[in-house]
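> Here's a sequence, model it:
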Amino acid sequence: MGDGLQIGHSGNGSLTADYEARIYAGVLGKIIGVYLGRPLEGWSNRDIEARLGEIRYYVHETLGAPLIVSDDDISGTFTFLRALPDHGNTDAITAAQIGQTWLNYLIENRTVLWWGGLGLSTEHTAYLRLKDGIAAPRSGSAATNGKIVSEQIGSQIFIDGWAMVCPGDPERAAALAGKAASVSHDGEAIYGAQVMAAMEALAFVEPRIPRLMSGAAKLISADSVLYRLMADITEWHAAEPNDWRATFRKIERHYGYDTYGGNCHIIPNHAVILLALLYGQDDFQKSLMIANTAGWDTDCNSGNVGCLLGIKNGLAGLDAGPDWRGPVADRLYLPTSDGARCVTDALTEAYRIVDIARRMRDLPPIAPKNGARYHFSLPGSVQGFVPYAPDGDTAMKAAVENVRVVDRDLETRMLAIRYRNIVAGAPCRVATATFPDAAVFRQAGYQMVASPSLYPGQPLQARLRASDDNAHPCTVRLSVSVVGKDDVLESLDSPERSLAPGEAAELEWTAPESGGRPIAQVGIAIDGDAGDGTLFLDWLTWSGAPRVAFSRPRDGGDAWRRAWVNAVDHFDNWGLWDGNTYKLIQDGGVGLVFQGDYAWADYTVLTEMYAHLAEEIGVLADVRGLRRYVALTLRPDGLARLLLRHDDEETVLAEAPIPWKLDHRYPVTLTTRPSGTVVASITDGGPPIRLTGTIPADRARGAIGLLVRAGHAQFGDVHVYPANRPR
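Residues are numbered from 1 along each chain as shown. The predicted model follows:
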C-alpha cells in the first residue's frame, strides 16, 4: 500500500502551538463539508452531474434549501465526544460509558439521529438496545443486530472529535474511535471509523495523504474488506492519477451499493472519502468537489474530508479558494437535551475540544479573554455575528470582519463592525443568535430542540473600541431581540454610550425582563450622527443565574413553549386548567421538559405542581441531561422525595410524608448551592415541609425542569432567581 509510516514515532500526542487553530480549522472543515453536501444527500453521481455539474460551491439556494441546518453528522460528532468530560477525560473510558452518554443527551425520536426504526436505522436500533439495558458494545454488535445493520456508515460520520483530541497519536485515536463506534456498529464499520480517526490524528504531523492512508491501514485487520479497498484505490490511483471518474467507476463496480447493501453502507462511502483525498491534490475545494460530485452520502463524506483537510492544512487551506467561511459565519446547531448549547459556533466548539484534550493531559483549560463567550481569538472567527436589519432593510448598514488589532500595547483579535451612513434614529445592528429562528423549527429533516442561552436577569458585559480613524463619535448600545407576536423579533436596547474616535469602554447591562418571551439574539446597536466608521467588539459575555419567569406571554405565540427542551410524549396548551401554564403527559416511563443553561448555579426554582393522574410529578434543578439531575418529587405513596439521578443510579437524599391529592396544587421550591447543599420545600396548604440533602459540589449546576411519570401533570409559571437574592 505504498510508503509506510512508522506508527508510534509520528508524534507523542502533545499539543503544539498551532493546536487551537488546527482544531478550529477541523471544526470549520467539518461543518462546511456537511453544509455543502447536505442538499445532495443520497443522490447518484449521474444525477448530480446531469442536474448540477461539478459541485464547486454551495448549491442550497439552487435547490431551495437553507444553508445552516440541523444535521446528524454535526450534532453527533460534538455530542458523543461529551462522554470524555462526563466520565473523567480519560483513555480508560469504556464503550458502555459512551453508550450512557447517548442515553443522557439524545431525546428519543427527536434529536441527533435518523430515527428510521428498528432494523433499518443502525443508530436507532442501537439506541433501543441501550434503552432496553443492552450495554455497549453489545448494543451495536453484529451478534445483536446482524451484519448488514451493524456495518452502515454512522460509525464514521461521528468520529472526528475522537481524533482531534489525539493529535499525532493515531493508535490512541483508533482505540478511542473503536470504543465510540462499537456503541452502534461492528465489523467493517468499526474499521472505517478507526481508519478515519487515525488519518485525522496523523494529519496533525504528516502532510502526505498516501502516508496518512498507509499509516492508518496498519491499525486494522489485513483480512478486512476495508484493508483491501484501501489497497485497491491506492493501486487504481497510481495507474490513473489524473482521472477521478475512472477510479470512481471501478468503485461503483467493485464496492458499490449493489454489493454492499443496507440503508447506507460504510464501504462505498469510505471509498469516496479516499477517492476525494487522493485525487483532490491537497486542495480543499477540489477535494470537496470530488466528494460531493461522486454522490451517495454526500454530507457525511464531505464532512469527513473537510475535517481532515482542515486539520492538515489549517485555516490557510480553507481560505485558499472561494469564500467558504463567510456564508457560514461559524454557525452550527447541536439539538440535544442540553438546549442552551443548541445554538453554538465553530470557535466555541473548537475550544471545547481543546479543553478536553488539555484535561486528558492534566493541563489547565484555556479561557481566552477571561472566559468570554464571544472572544474572536482566532483568524476569521465571527462566532455567528452578522448584520441584522429588524425592519427588513436589505441595504445593510454594516459588515463584520475579524481583524488583528494592537490594543493597550498588546496584539489581539477583535470583531470589526464597519458601519456606513449612520444618522441619529436609524441605527445599524450586528447580532448573533441565542435561540433558533422560528423557521428553523419548521425545517424538514432533523428536528430542532433548543433553549435560549441568554435569559432576563443575567448581567451582560462587553468591551468596545471606536477606531482611531473615525471622523465622528458613535453612540453604542448593547441590544437583545426577543421573540414577539407572530415570531417577529423586537429589539430591546441598553442605555447609550458615546464613544469618541479611539475611545474604549466596557458596557454593562442586565438583560431585561421579556414577559415570558425568549431572547433570540444579542448584539450591538450603533446610532447617532456617526456617518461611516469602524467599531471594534473585543468581547461580549454573560454568566450567573437568571431572574426569569417562564410564563405565557400576553401577546401569545408559541416561541415560549418551543424554548423548553421537550422530552415528554405530549406537551401542549390544550386542556389547561385555570392557574396552570404547562401540561405534561407521559404515556409510560419518565417524561421531562428542560429550560436553561447547564452552567447555571446557586439558584432557586419555584412553581406549583398539579397532579391529575400520574405515578410521579416533580421539579428539577442541576439538570445535565435526561439522566443527570436533582429532583423534588411527589408520588401516590404519600412521600415527597429529594433525589439525585446519575445515569442508572437514583439516590434518595431526603424524604418526608405529605398527602397525595389529585387535582391539588402543591407550591414547591428547590434551591441548589455551589457547596452541594440542596434544599427543597413543598406544601399542601399547611406549613411548608423542608427537605435537605447534599450532592457532590461538581454536580451543583445545571438547568431546571419539570417531570411526570406515567400520567398527566400540570404546572404553574416557573420562576428562577439567584439563591442569594430572593424574589
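> residue ranges for the strands of the stretch 501-650 of the chain, please.
Secondary structure of the stretch 501-650 of the chain, counting by DSSP state E, counting those that start in this stretch: strands at 504-510, 519-527, 531-542, 548-550, 565-567, 570-572, 582-595, 603-613, 616-623, 628-634, 639-646, 649-657.
> mind checking the SS state of Met414?
Assigned state for Met414: strand (three-state reduction, DSSP: H, G, I helix; E, B strand; the rest coil).
> now for the strands of the stretch 501-650 of the chain, which one comes closest to Leu454?
strand 519-527 (4.8 Å; CB to CB). For the C-beta atoms, the positions are set from N, CA and C on the backbone; glycine is no exception.
> I'd like to know which elements the closest one is packed against.
strand 410-422, strand 428-433, strand 459-466, strand 474-483, strand 489-493, strand 531-542 (3 or more CB pairs under 8 Å, 6 or more residues apart in numbering; DSSP states H and E).
> With mean pLDDT and mean neighbour count added, can I get these in JSON lines?
Formatted as JSON lines, the helices and strands packed on strand 519-527 follow (pLDDT from 0 to 100; neighbours: other CB atoms under 10 Å):
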{"stretch": "strand 410-422", "mean pLDDT": "94", "mean neighbour count": "18"}
{"stretch": "strand 428-433", "mean pLDDT": "96", "mean neighbour count": "25"}
{"stretch": "strand 459-466", "mean pLDDT": "98", "mean neighbour count": "20"}
{"stretch": "strand 474-483", "mean pLDDT": "96", "mean neighbour count": "24"}
{"stretch": "strand 489-493", "mean pLDDT": "94", "mean neighbour count": "18"}
{"stretch": "strand 531-542", "mean pLDDT": "97", "mean neighbour count": "20"}
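> what's around the nearest residue to Glu650 once chain neighbours are set aside, how many residues?
Nearest residue to Glu650 in three dimensions, chain neighbours excluded: Leu643, at 5.8 Å (CB to CB, 6 or more residues apart in numbering). Look at Leu643: counted by other CB atoms under 10 Å, it has 22 neighbours.
> Report the separation between Leu643 and Ala614.
Counting by CB to CB, to the nearest Å, the gap from Leu643 to Ala614 is 16 Å.
> try Asp407
Relative to Ala614, and taking CB to CB, Asp407 is found at 57 Å.
> Repeat that for Phe80.
33 Å.
> can you check Leu347 too?
Separation of Leu347 from Ala614 (CB to CB) stands at 44 Å.
> repeat for Pro39
44 Å.
> Which one of the two is surrounded by more residues?
Ranked by neighbour count (other CB under 10 Å), Pro39 and Ala614 place Ala614 first, with 26 against 23.
> What about the closest residue to the more buried one other than its chain neighbours? Give its phi and psi, please.
Among residues not flanking Ala614 along the chain, Gly711 sits closest, at 2.8 Å (CB to CB, 6+ apart). Per-residue torsions, Gly711: phi 160, psi -160 (degrees, to the nearest 10).
> Enumerate the beta-bridge partners assigned to Gly711.
Gln586 (DSSP bridges).
> my guess is it meets Gly588, correct?
No - under the criterion of CB atoms under 8 Å, Gly711 is not in contact with Gly588, lying 9.4 Å apart.
> Please compare those two by neighbour count and tell me which comes out ahead.
Neighbour count, other CB under 10 Å: between Gly711 and Gly588, Gly711 has more, with 19 against 10.
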